[in-house]
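Colleague: let me see the structure of the following:
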Amino acid sequence: MFNPYVIREDFPILKRRINGYPLIYFDNAATSQKPKQVIKAIMDFYERHNANIHRAIYTLSQEATELYEEAHREVAEFINAESMEEIIFTRGTTEAINLVAYSWGLRNLENRDEVILSLMEHHSSIVPWEILSKIKKFKVKYIDVNDNGTINYGAFEDAISERTKIVCIVHVSNVTGVINDIKRITRVAHDYGALVLVDGAQSVPHMPINVKDLDIDFLAFSGHKMLAPTGIGVLYGKKEILNELEPFHGGGEMVREVSYNSATGRCTISWNTLPWKFEAGTPNICGGVGLMAAIKYLKSLGMENVKFYEHDLTKYALKRLNECPHIKVYGPEKNSTRGGIISFNVEGFNSHEVALFLDRYGIMVRSGFHCAQPFHQRLNLHSSVRASFYIYNVKEEIDRLIEVLKEVK
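Modeller: Reported below is the predicted structural model:
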């Protein structure tokens, strides 16, 4: 059964005290804390199995290779991909999006083509396409959001056309927690022959994800937001699309054969099979092992349970925040359309002042633009305070947050 008080015992860092107060960690949208099961898996790898993969036949290398490949299989099962061939390990969501931009976009986008994003996107989705548009001369179009921070689906349907080649959309906003209707967006995009890349950084850790059911072409997400270490992330791609793409990085292991032709003075190269042709060089092997341990931990809790618990926690937090007339909360009022992320401001104070005040009492929140400045501009915000929840947060911590926020004045 899902018991957050039992879960908390698995996270050593939660026993810390900050400035004499119990640590309350509400910055899970930035990165999550790590359970002892993940920490132990990382230690076990380095103490017992550390070696490079796919490069030797001795015991340690074979063990490391099996663990790394098992991690790919575990991720594939977690999001219901067809096989591990559709799972590419990256450094995180950012690199996964860049991989699509340069492996697919560099070779498929031309002048007069269009790429569609929304104004709620994270900078990691905006920046690669803007950079590439200056090289390939295609147009980046931004879909407006409503005043409550939700996607304007009418504007999206008006903007898409036969020129649209790919739609890049965040699943859950890292500012307001808004959950976008990915099925609806994908259905429209595919009707126009466009691909769909979903930023799943804030969705994969918090709810069940089925890529077949969503019918998306690409999904990017990070391990460190879902209990795993930093420096490990995932790009899911449909196998038939990945087979057609050229690699983003070149180097060792991503090639099957490199042959020198003395007549031409050139080397001919053939790529490795999926997913290895996109994983050049020595990968973050231990990161993959940590990600596998994190996924097994989440599976033991049940992702439906995770979603339900965070939904209940967010509903409670919204109720408590709305009791405070000096606090303005952003995003939709309906809890059913948002995940466990709440951004707000306190009247008379900027977001950094509020965050510093909360830190004095051991409460960790994010302040600023949250790497989503256009979204803040659209909502006429200079910045905001963000509280984001995960499986180890409890209502008593929210009560303490409200208690301290009432002291800010």
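
Colleague: and for Glu130, nearest residue in space, chain neighbours not counted?
Modeller: Val140 (6.1 Å; C-beta to C-beta, 6 or more residues apart in numbering). Heads up, the C-betas are built off the backbone N, CA and C, glycines and all.

Colleague: doesn't that neighbour fall inside a strand?
Modeller: Yes - counting by DSSP: H, G, I helix; E, B strand; the rest coil, Val140 is part of a strand.

Colleague: is it true that it touches Lys134?
Modeller: No - counting by C-beta atoms under 8 Å, Val140 stays clear of Lys134, with 10.0 Å between them.

Colleague: ok, Asp10 - how many residues close by?
Modeller: Neighbour count for Asp10, taken as other C-beta atoms under 10 Å: 18.

Colleague: show me the contacts for it.
Modeller: By C-beta atoms under 8 Å, 6 or more residues apart in numbering, the contact set of Asp10 is Pro35, Lys36, Gln37, Tyr297, Tyr392.

Colleague: pLDDT and neighbour count added to those residues, as JSON lines?
Modeller: Conversion of these to JSON lines gives the following (pLDDT from 0 to 100; neighbours: other C-beta atoms under 10 Å):
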{"residue": "Pro35", "pLDDT": "98", "neighbour count": "23"}
{"residue": "Lys36", "pLDDT": "98", "neighbour count": "13"}
{"residue": "Gln37", "pLDDT": "98", "neighbour count": "15"}
{"residue": "Tyr297", "pLDDT": "98", "neighbour count": "21"}
{"residue": "Tyr392", "pLDDT": "98", "neighbour count": "22"}
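
Colleague: now, these that are in helices?
Modeller: Among the contacts of Asp10, the members found in helices (DSSP state H) are Lys36, Gln37, Tyr297.

Colleague: per-residue pLDDT of the nearest residue to Asp113 once chain neighbours are set aside, please?
Modeller: Of all residues not flanking Asp113 in the chain, Phe138 sits nearest, at 4.2 Å (C-beta to C-beta, 6+ apart). Phe138 carries a pLDDT value of 98.

Colleague: now Phe138: how far from Lys238?
Modeller: Here Phe138 is placed at a distance of 22 Å from Lys238 (C-beta to C-beta, to the nearest Å).

Colleague: what's the answer for Tyr142, then?
Modeller: 26 Å.

Colleague: go on, His122?
Modeller: 23 Å.

Colleague: contact partners for Phe78?
Modeller: Neighbours of Phe78 in contact, by C-beta under 8 Å, 6+ apart: Ile209, Ile295, Leu298, Lys299.

Colleague: what about burial for these, which qualify?
Modeller: Ile209, Ile295, Leu298 (16 or more other C-beta atoms under 10 Å).

Colleague: and the pLDDT for the residue in the chain sticking out farthest from the centre?
Modeller: No residue in the chain sits farther from the centre than Ala263, which is 48.0 Å out by C-alpha atoms, centre = their mean. Ala263 is assigned 90 on the pLDDT scale.
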